[in-house]
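> what's the 3D shape of this:
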Amino acid sequence: MYSQPVESKRRQRRIVAASALAICLLLIGRIHAQDGGGGPSTPAVHPFAFALGSGDSAASGTEVYDLRIPMYFTLIPVEDRPWGLRLKVTAFAGVYKFTVDEAIDLALRFQSLAATPGVEFLVPAGKGWLLKPFTEIGYAYDFDDQLGFGVWSVGMRTLVTWPIGKIDLSFGTKVQYFSTFTSDLALADDFGEVRLGLNARHPLPFTIGGNQSNLSLYFIRRQYIDAFIARDEGTPLEIQYSNELGFAFDTTPKVKLWFFKLPRIGLGYRWGQNIRGLRLNFGFPF
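Just a heads-up that it's a prediction; the model follows:
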């Protein structure tokens, strides 16, 4: 039997989570209603192609390397509150066609750049679980076709951490819907993603600035829904899944450089259907 204040907090958390999800669903319905039922669009070069990590296995010497930098600004901290709120800004960059010739010259080119600001609710759900419904809207640019795109997404992240001896074991999930829009070409494209991740963090035998340093080993499984990337020749590539295995370094608490807290830095290798490449990442993406 819970006391009235505890039961009231639980009820508030349910209301906030349900409201946030309802907003996300309304946004999806509104955008699809504006599409006007014109039938399925032809798969185009996707502004999030770098995030998918496409690599054409038929093209020798071609792999994809991509970078993701998330930034968070807390507006309402959770602490003893039933919910919290923070601003979220994510920057993406995708690079492809790394070619090393006989003279050891490295040729590379940015395929896409994107920035997606948004908001994220923080809702404690008990037993260490944290629910994070979110929505983002931003802009991406494809350097191949010299096209700009509006991009937006909605989704839900969850995260829980269990201490096991000296190891902190974290389990995260993420469900996200991506869509694109642009006024000049009337282009619309979308896809869904379901993500599961495990992270094991162990302290290292040294400190940085008096802060404990840690090394993590992580694995992430991504499952995509209707994710296509067009090519100049041949049928579009369909990306159904990918796996990522890597390691990361961070400190507890985070080392502060001037006004900036240094994030966790990780490097992983991704592989899967029509996918291979390296990913430099900042933070466990859950």
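> where's the nearest residue to Gln223 once chain neighbours are set aside relative to Gln240, distance?
Once flanking residues are discounted, Gln223 sits nearest to Val194: 4.6 Å by CB to CB, 6 or more residues apart in numbering. Using the backbone N, CA and C atoms, a C-beta is placed for each residue, glycine as well. Per CB to CB, to the nearest Å, Val194 is found 11 Å from Gln240.
> For these two, list the residues in contact with both.
Gln223 (CB atoms under 8 Å, 6 or more residues apart in numbering).
> ranges for the strands of the stretch 51-200 of the chain?
Using DSSP state E, counting those that start in this stretch, the strands of the stretch 51-200 of the chain run over 64-76, 84-100, 106-126, 129-142, 147-164, 167-181, 188-208.
> Redo the ones you listed as JSON lines? Include mean pLDDT and mean neighbour count.
Shown next, in JSON lines, are the strands of the stretch 51-200 of the chain (pLDDT from 0 to 100; neighbours: other CB atoms under 10 Å):
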{"stretch": "strand 64-76", "mean pLDDT": "79", "mean neighbour count": "15"}
{"stretch": "strand 84-100", "mean pLDDT": "72", "mean neighbour count": "17"}
{"stretch": "strand 106-126", "mean pLDDT": "77", "mean neighbour count": "17"}
{"stretch": "strand 129-142", "mean pLDDT": "91", "mean neighbour count": "19"}
{"stretch": "strand 147-164", "mean pLDDT": "91", "mean neighbour count": "18"}
{"stretch": "strand 167-181", "mean pLDDT": "92", "mean neighbour count": "18"}
{"stretch": "strand 188-208", "mean pLDDT": "91", "mean neighbour count": "16"}
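> Let me know whether Ser153 touches Glu136 as I believe.
Yes. At 5.1 Å, Ser153 counts as touching Glu136 under the criterion of CB atoms under 8 Å.
> which residues are common contacts for these two?
116, 118.
> Name the secondary structure element that contains Asn281.
strand 275-282 (DSSP states H and E).
> who does that strand touch, helix- and strand-wise?
The contact analysis (3 or more CB pairs under 8 Å, 6 or more residues apart in numbering; DSSP states H and E) places strand 275-282 against strand 64-76, strand 237-252, strand 265-272.
> Of the ones you listed, which is nearest His202?
Proximity to His202 (CB to CB) singles out strand 237-252 among the helices and strands packed on strand 275-282, at 10.7 Å.
> Direction included, what does the following helix or strand past that closest one pair up with?
Helices and strands here follow DSSP H and E; after strand 237-252, the next one along the chain is strand 256-257. Here strand 256-257 is paired, per DSSP bridges, with strand 260-261 (antiparallel).
> Give me the contacts around the partner strand.
Counting by CB under 8 Å, 6+ apart, residues outside strand 260-261 touching it are 254-255.
> if you average pLDDT over it, what comes out?
When pLDDT is averaged along strand 260-261, the result is 74.
> what's near enough to touch Leu204?
Applying CB under 8 Å, 6+ apart, the residues near Leu204 are 212-215.
> Go through those residues and say which is closest to Ala125.
For these, the nearest to Ala125 is Asn214 (25.4 Å; CB to CB).
> Test my guess that that closest one contacts Asp250.
Yes. Using CB under 8 Å, Asn214 makes contact with Asp250 at a distance of 5.4 Å.
> Overlap of the contact sets of the two?
Joint contacts of Asn214 and Asp250 (CB under 8 Å, 6+ apart) are Arg201.
> Show me which of the two is the more surrounded one.
Asp250 (23 against 16; other CB atoms under 10 Å).
> Can you verify my assumption that that one contacts Ser216?
Yes. The pair Asp250 and Ser216 qualifies as a contact (CB under 8 Å) at a distance of 7.1 Å.
> Give me the common contacts of these two.
With CB under 8 Å, 6+ apart, Asp250 and Ser216 have common neighbours 201, 264.
> and the residue lying closest to Ala91 once chain neighbours are set aside, what does it touch?
Of all residues beyond its chain neighbours, the one nearest Ala91 is Ile69 (4.6 Å), with distances taken as CB to CB, 6+ apart. Neighbouring residues of Ile69 by CB under 8 Å, 6+ apart: 90-92, 282.
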